[in-house]
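K.L.:
Just a sequence and a predicted model for now, questions to come.
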Amino acid sequence: MGGADKNGTVEGGYWRRLMRRLTSDLAELDADDLSRQAAQSGAARACDCRSGQEVTVHGRLRSVELSPRDAVATLEAELYDGTEGVTLVWLGRRRIPGIEPGRTLRASGRLAMRDGRKVLYNPYYELQTTHE
């Protein structure tokens, strides 16, 4: 019967994936989709990246913070890939067109740690189209 078990039902991952989708919450499904997109793009999973490594990560910006007017100009954004967040920091910038919450992008650079969080300083980045 190739692909069916003794009860005539289809074996394999389709039914497991369908049941999981029906019983999972939206945040979990979104994280799975982001993780899948990152893997398809060839990017490293943020949870697997270590300090000092040259990395490329892919995900969605969850937040963007501008430095106050009287402080040194910095723009910080949290990139989430479905496994973990990475803070992207652009020194000397207060705004970058396209860097906004909800935007999907790919970023590359040498990973550092700051206050226990993963950070990429002045990363190279590519804004991704919205149809991904």
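P.N.:
Perfect, I can see it now. Bear in mind that the values here come from a model prediction, so they are computed numbers and not experimental data.

K.L.:
Relative to residue 109, how far out is the residue sitting nearest the centre point of the chain?
P.N.:
Residue closest to the average C-alpha location in the chain (Cα atoms, centre = their mean): residue 81, at 1.8 Å. Residue 81 sits 15 Å away from residue 109, going by Cβ to Cβ, to the nearest Å. (Glycine included, C-beta is placed from N, CA and C.)

K.L.:
And residue 44, by the same measure?
P.N.:
On the measure of Cβ to Cβ, residue 44 and residue 109 end up 12 Å apart.

K.L.:
so what's in contact with those two at the same time?
P.N.:
Listed as contacting both residue 44 and residue 109 by Cβ atoms under 8 Å, 6 or more residues apart in numbering are residue 55.

K.L.:
Helix or strand with the lowest mean pLDDT in this structure?
P.N.:
Across the helices and strands of the chain, the lowest-confidence element by mean pLDDT, DSSP states H and E is helix 13-23, at a mean of 66.

K.L.:
Report all helices and strands that the longest strand seen in the chain contacts.
P.N.:
Using DSSP state E, we find that the single longest strand of the chain is strand 54-66. Counting contacts by 3 or more Cβ pairs under 8 Å, 6 or more residues apart in numbering; DSSP states H and E, strand 54-66 packs against helix 26-40, strand 74-80, strand 85-91, strand 104-114.

K.L.:
average pLDDT for the first one?
P.N.:
So the one you mean is helix 26-40. Helix 26-40 carries an average pLDDT of 69.
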